[in-house]
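Colleague: Below is the sequence, then the predicted model.
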Amino acid sequence: MQIDRLKLTGFKSFVEPAELRIEPGLTGVVGPNGCGKSNLLEAIRWVMGENSPKSMRSGGMEDVIFAGTASRPQRDFAEVVLHAASTDGEELEVMRRIERGAGSAYRINGDDVRAKDVALTFADAATGAHSPALVSQGKIAQVIAAKPAERRAMLEEAAGISGLHVRRRDAESKLRSTEKNLARLEDLTAGLD
Ligand code: ATP
């Protein structure tokens, strides 16, 4: 999957709508301190479903919305649209929007979807909010120092099988609840004998 466009509105320091084209190959973001380089990477993670305050450098969910400055009022919503093309040329547009007091909403190619659908879409394409393809400051040192289990997770992500783990967990939980229902049914039918 090749991410080729990113649109941000009201996301962190990107108060005005901003659109970026991402060309094929390795992309580096350069600029003076505090200009918003890390915010860009966070926007990519966020639209892919990231919520962890540590990854997003924020306290609450709504902290990604432009908080205002001495000269500009805060915004009521933040929106990030990511456009990508798969290797077989299929177009994908994912949108995440958060409104103050209303939480997050996601869309894939214009259809309302759940956060989980977005996560699975990216996991199947061997990318996602935790993809090793997104290299933030300090990440290289973290990769070198990673424990074997963490390194394995990175390799699984790169190999595109992390989506299978999510489906396996889902299937196991469905199996457990079906087993519980069966046991209950057996108890009930035993009472009928
Ligand atoms: P450095 O090179 O120092 O790491 P950077 O270019 O990566 O900096 P970022 O950390 O992406 O910069 O951006 C930081 C800026 O974003 C700060 O000026 C901060 O005030 C601003 N910022 C972060 N969240 C918000 C928000 N919700 N509303 C408005 N501005 C925000």
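Modeller: Received it, and whenever you're ready, just let me know what you need.
Colleague: what's V118 in contact with, if anything?
Modeller: Taking Cβ atoms under 8 Å, 6 or more residues apart in numbering, we find V118 in contact with 47-49, 94, 96, 106, 108. For the C-beta atoms, the positions are set from N, CA and C on the backbone; glycine is no exception.
Colleague: Excluding chain neighbours, what is closest to D117?
Modeller: Residue nearest to D117 in three dimensions, not counting chain neighbours: I108, with 6.5 Å by Cβ to Cβ, 6 or more residues apart in numbering.
Colleague: still on that earlier bit, of the contacts of V118, buried ones?
Modeller: 47-49, 94, 96, 106 (16 or more other Cβ atoms under 10 Å).
Colleague: Give me the subset of those residues lying in strands.
Modeller: Judged by DSSP state E, the subset of the buried ones among the contacts of V118 located in strands is 94, 96, 106.
Colleague: separation between E50 and the ligand?
Modeller: Noted for E50: a distance of 15 Å to the ligand, by Cβ to the nearest ligand atom, to the nearest Å.
Colleague: Number of residues surrounding that residue?
Modeller: 22 (other Cβ atoms under 10 Å).
Colleague: Give me the phi and psi for it.
Modeller: phi -70, psi 140 (degrees, to the nearest 10).
Colleague: Same question for A183.
Modeller: Per-residue torsions, A183: phi -60, psi -40 (degrees, to the nearest 10).
Colleague: what pLDDT does it get?
Modeller: On the pLDDT scale, A183 is placed at 93.
Colleague: Can you give me every residue that contacts it?
Modeller: Counted by Cβ under 8 Å, 6+ apart, A183 has zero contacts.
Colleague: Tell me the spacing between it and the ligand.
Modeller: Applying Cβ to the nearest ligand atom, the value for A183 to the ligand is 50 Å.
Colleague: Contact partners for R176?
Modeller: Applying Cβ under 8 Å, 6+ apart, no residues contact R176.
Colleague: Am I right that it sits in a strand?
Modeller: No - per DSSP: H, G, I helix; E, B strand; the rest coil, R176 lies outside any strand segment and is helix.
Colleague: State the distance from V15 to T189.
Modeller: To T189, V15 is 64 Å away according to Cβ to Cβ, to the nearest Å.
Colleague: Looking at those two, which is more packed in?
Modeller: Regarding V15 and T189, a neighbour count based on other Cβ under 10 Å identifies V15 as having more, with 20 against 9.
Colleague: Please, where are all the helices along the chain?
Modeller: According to DSSP state H, the chain carries its helices in the segments 37-47, 53-56, 115-124, 139-145, 148-159, 162-192.
Colleague: relative to helix 115-124, how tilted is the fifth one?
Modeller: Our comparison of helix 148-159 with helix 115-124, counting by axes from the mean of the first three to the mean of the last three Cα atoms, to 10 degrees, yields an angle of 80 degrees.
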